[in-house]
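heads up, no residue letters with this:
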């Protein structure tokens with residue numbers, strides 16, 4: 001049987017030019033500056049230091065570092081797929097952010113005089129959508145072409161944005177760190193895609209599915225970058241002040257706990273009693289996901305520590321036992337183990353968030369409880385709303401939900417997100433399985449030479465004795 005061509009000479013330039021033409025047209029028609037970036041709205045009375053840029057830009061920069069350096073280095077763990085891991089991450093992320101600015105503008109930020117008003121906050125939201133795409137891509141790392149990855153981003157960003165819009169506008173939940181909207185969605189979308197792109201031959205292992213000493217070091221650098229900047233990711237869009245302060249504290253504590261636990265479990269579960277680099281690269285990050293749903297709440301530092309330990313344990317056991325089961329029995333070849341780092345830990349985080357909602361009270365939070373849990377604030381016309389507005393100027397009317405009602409809505413959001421992301425992933429996987437998208441053959445997976453001009457020493461035997469082929473996660 002004749003192999004399909006994987007040449008990018010026509011496919012990639014045509015796709016990129018079509019996408020750029022679409023983006024340019026939509027930006028020209030619908031995108032303008034927000035008020036604080038618009039020169040016409042500035043005057044001598046305007047204090048430049050009051051611009052929200054100075055509050056939001058530091059978080060934007062931190063998330064930029066995570067997206068382009070953290071994810072990029074982390075995905076470069078295969079010995080012969082370092083270019084693909086880093087460069088395809090660069091390509092996919094750049095397009096995803098551009099596309100998400102438009103799609104989120106249409107669905108979430110509403111139209112003000114028929115325009116999307118662009119500011120740094122739009123960029124931060126777009127980078128969250130980009131993170132969703134990159135996490136999902138981890139499930140098919142090394143098994144897809146750049147054409148397929150761009151098509152995947154083209155489809156995933158609108159599906160993610162629709163789900164986010166439905167959950168935030170209609171179900172109305174609290175999810176400051178994105179455990180539901182980002183981690184669970186990205187995980188089950190990616191699993192749906194890889195289910196449709198199932199390759200039976202890969203279940204027996206692949207000759208190029210190996211790491212080297214240097215590729216593992218590069219991947220750990222990505223882990224360290226993600227680890228250092230994760231507090232910004234979890235706190236960027238929380239309420240300024242004590243909420244954001246708690247989010248940073250809880251994220252750091254959760255990450256610290258998961259890191260210590262990861263080293264202990266790695267040595268314990270290794271038959272030789274040694275530390276496995278794949279565990280250091282991935283499982284150490286579990287605490288950042290596990291605290292996400294309640295990261296801005298008054299859960300206590302001890303609870304954040306316990307969540308970090310729980311998330312790490314679930315993630316480690318998932319790599320050890322669940323990933324092989326999914327591949328062998330359910331046709332889900334989760335190449336980077338995203339179900340362990342983002343799915344299992346995301347579910348733990350959602351459960352913790354629900355428990356925190358059920359136990360929240362004014363005795364613990366004071367009147368500010370109705371800012372954090374805005375859906376529990378009294379409705380318009382309720383006398384209690386006037387009392388609270390006297391204590392908290394600017395407090396908006398809420399939905400008057402009880403703690404139990406809000407918890408049920410959180411559960412509904414979990415199931416709706418998993419359902420929509422899985423169906424969206426299956427549909428996207430079907431599209432990616434169509435011919436003419438330069439999909440690599442089984443024998444050419446995990447190999448840079450297929451899509452790159454590589455140096456003569458790219459397949460140097462250095463590091464060949466490293467047989468560690470455990471998953472690494474985005």
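Okay, I see it. Treat the numbers as computed from the prediction; the structure is a model and nothing was measured.

can you pull out the helices in the stretch 351-474 of the chain?
Remark: helices assigned in the stretch 351-474 of the chain by DSSP state H, counting those that start in this stretch are 362-365, 369-372, 383-391, 403-432.

Tell me which of these approaches residue 272 most closely.
When those are compared by CB to CB, helix 403-432 sits nearest residue 272, at 37.0 Å. Heads up, the C-betas are built off the backbone N, CA and C, glycines and all.

So which bits of that closest one are buried?
Applying a neighbour-count criterion of 16 or more other CB atoms under 10 Å, one finds 403, 406-407, 409-410, 413-414, 416-418, 420-422, 424-429, 432 buried in helix 403-432.

element containing residue 134, please.
helix 120-137 (DSSP states H and E).

And the following helix or strand past that helix, how far out from the chain middle?
Downstream of helix 120-137, the first helix or strand assigned by DSSP H and E is helix 146-166. Offset of helix 146-166 from its chain centre (CA atoms, centre = their mean, to the nearest Å): 13 Å.

same question, stretch 80-94
16 Å.

Equivalent analysis for stretch 118-131, please.
Worked out by CA atoms, centre = their mean, stretch 118-131 lies 12 Å from the chain centre.

before we move on, the earlier item: how much does the helix holding residue 134 deviate in direction from helix 146-166?
Here the directions of helix 120-137 and helix 146-166 differ by 120 degrees (axes from the mean of the first three to the mean of the last three CA atoms, to 10 degrees).

Could you tell me the end-to-end distance of stretch 383-398?
13 Å (CA to CA, to the nearest Å).

Name the residues that touch it?
By CB atoms under 8 Å, 6 or more residues apart in numbering, the surrounding residues in contact with stretch 383-398 are 367, 368, 370, 371, 374, 375, 376, 377, 378, 379, 380, 382.

Any idea how many residues pack against the closest residue in space to residue 135 that isn't next to it in sequence?
Closest residue in space to residue 135, ignoring its immediate chain neighbours: residue 186 at 3.7 Å, by CB to CB, 6 or more residues apart in numbering. A count of nearby residues for residue 186, using other CB atoms under 10 Å, gives 30.

For residue 210, see how far away residue 186 is.
Taking CB to CB, to the nearest Å as the measure, residue 186 falls 26 Å from residue 210.

Please apply the same query to residue 266.
Distance, residue 266 to residue 210, by CB to CB: 19 Å.

picking that back up, check which helix or strand the residue nearest to residue 135 maps to.
Taking DSSP H and E as the definition, residue 186 sits inside helix 185-196.

tilt between the helix or strand just after that helix and helix 120-137?
Per DSSP H and E, the first helix or strand lying C-terminal to helix 185-196 is helix 213-235. Using the same axes, to 10 degrees, the inter-axis angle of helix 213-235 relative to helix 120-137 is 140 degrees.

Double-check that residue 303 belongs to a helix.
Yes. The assignment for residue 303 is a helix, going by DSSP: H, G, I helix; E, B strand; the rest coil.

Check what pLDDT it gets.
For residue 303, the model assigns a pLDDT of 97.

Report the spatially nearest residue to it, omitting neighbours in sequence.
Nearest residue to residue 303 in three dimensions, chain neighbours excluded: residue 352, at 7.5 Å (CB to CB, 6+ apart).

residue boundaries of the helices in the stretch 1-150 of the chain?
Per DSSP H, counting those that start in this stretch, the stretch 1-150 of the chain carries helices over the ranges 11-30, 53-65, 71-74, 82-107, 120-137, 146-166.

among the ones you listed, which is the most enclosed?
Of the helices of the stretch 1-150 of the chain, the one with the most neighbours on average (mean count of other CB atoms under 10 Å) is helix 71-74, at a mean of 26.

Might one say that residue 440 is in contact with residue 145?
Yes. Taking contacts as CB atoms under 8 Å, residue 440 lies within contact range of residue 145: 6.3 Å.

what's the overlap in contacts for those two?
Common neighbours of residue 440 and residue 145 (criterion: CB under 8 Å, 6+ apart): residue 6.

picking up where we left off before, count the residues that sit near the residue nearest to residue 303.
Neighbour number of residue 352 under other CB under 10 Å is 25.

got it, and residue 243?
Neighbour number of residue 243 under other CB under 10 Å is 18.

Excluding chain neighbours, what is closest to residue 27?
In this structure, residue 27 finds its nearest non-sequential neighbour in residue 102, 7.2 Å apart by CB to CB, 6+ apart.

residues contacting the one you found?
23, 26, 27, 30, 31, 116.

Let's have these in CSV, adding distance to residue 302.
As requested, these are exported to CSV (distance: CB to CB, whole Å):
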residue, distance to residue 302
23, 47
26, 49
27, 48
30, 48
31, 46
116, 43
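
Report the buried residues of the helix or strand of the chain with the lowest mean pLDDT.
Taking mean pLDDT, DSSP states H and E as the measure, the chain has helix 383-391 as its least confident helix or strand, at a mean of 86. Buried residues in helix 383-391, defined by neighbour count with 16+ other CB under 10 Å: 385, 388, 389.

what's the spacing between residue 297 and residue 307?
12 Å.

Tell me which of the two has more neighbours.
residue 307 (30 against 27).

what sits against that one?
By CB under 8 Å, 6+ apart, the contact set of residue 307 is 254, 257, 287, 290, 291, 348, 349, 352.

Count the residues that sit near the first one.
Neighbouring residues of residue 254 were enumerated by other CB under 10 Å; the total is 36.

And for residue 306?
Residue 306: 18 neighbours (other CB under 10 Å).

One more: residue 168?
Neighbours of residue 168 (other CB under 10 Å): 14.

So what's the residue count around residue 399?
Here the count is done by other CB under 10 Å, and residue 399 has 14 residues near it.

Tell me how far residue 154 lies from residue 435.
Counting by CB to CB, the gap from residue 154 to residue 435 is 18 Å.

Could you do residue 234 as well?
Taken as CB to CB, the span from residue 234 to residue 435 is 41 Å.

Pick out whichever of the two has more residues nearby.
The neighbour count for residue 234 versus residue 435, taken as other CB under 10 Å, is higher for residue 234 (26 against 8).

What angle do helix 82-107 and the helix holding residue 134 make with each other?
Going by the same axes, to 10 degrees, helix 120-137 makes 130 degrees with helix 82-107.

helices or strands up against helix 120-137?
helix 53-65, helix 82-107, helix 146-166, helix 185-196 (3 or more CB pairs under 8 Å, 6 or more residues apart in numbering; DSSP states H and E).

Quick one: closest of those helices to residue 301.
Using CB to CB, the nearest of the helices and strands packed on helix 120-137 to residue 301 is helix 53-65, at 22.1 Å.

Any idea how far apart the tips of stretch 355-365 sit?
Per CA to CA, the first residue of stretch 355-365 is 15 Å away from its last.

distance of the nearest residue to residue 53 once chain neighbours are set aside from residue 178?
Spatial nearest neighbour of residue 53, chain neighbours left out: residue 120 (5.8 Å); criterion: CB to CB, 6+ apart. Using CB to CB, one gets 18 Å for the distance from residue 120 to residue 178.
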